[in-house]
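I would like the atomic coordinates for the input below:
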Amino acid sequence: MTQIIVLPHVELCPDGAVIDVPAGTSILDGLLANGIEVEHACEKSCACTTCHVIVREGFDSLAEAEEKEEDMLDKAWGLEPNSRLSCQAKVGGTPLVVEIPKYTINMVSEGHKK
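I've put the predicted structure just below:
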């Protein structure tokens, strides 16, 4: 099991959380399985940025993002060098500290057209 420390997020996880997930699990699946309802508008298909997280510690232990993920991340609100789409980043054996950004860009819920 790999530990993920989730920093406090005012709506999704006000007190923060410490969760354990099996290696090979996506960060998103680990969060969802532990009651942290991160938005994932494209149903984990790497077609949006609503599950964007910032990996504050343990970033280098993750496999490199594939080109499709990198292209989507360019559109994320609050992008940082250690940003990942949580539906694509799978945990290894190294503990992670994850921050869920305050905002997401969801073209569907915001009423924008593609």
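
what sits against the spatially most central residue of the chain?
For the chain, the residue lying nearest the average C-alpha position, counting by CA atoms, centre = their mean, turns out to be residue 86 (2.8 Å). The neighbours of residue 86, taking CB atoms under 8 Å, 6 or more residues apart in numbering as the test, are 26, 27, 28, 31, 38, 40, 51, 52, 53, 98. (Glycine included, C-beta is placed from N, CA and C.)

same thing but 7 Å
Applying CB atoms under 7 Å, 6 or more residues apart in numbering, one finds that residue 86 lies in contact with 26, 27, 28, 31, 38, 51, 53.

State the distance from it to residue 59.
Using CB to CB, to the nearest Å, residue 86 is found at 13 Å from residue 59.

Can you list the buried residues in stretch 52-59?
Within stretch 52-59, the residues that count as buried by 16 or more other CB atoms under 10 Å are 52, 53, 54, 55, 58, 59.

was I right about the third one contacting residue 80?
Yes: with contact defined as CB atoms under 7 Å, residue 54 counts as touching residue 80 (5.2 Å).

And the pLDDT for the closest residue to residue 105 other than its chain neighbours?
Taking CB to CB, 6 or more residues apart in numbering, and ignoring the residues beside it in sequence, residue 105 has residue 77 as its nearest neighbour in space, at 5.0 Å. We have a pLDDT of 91 for residue 77.

Check residue 113 too.
Value listed for residue 113 in the pLDDT field: 38.
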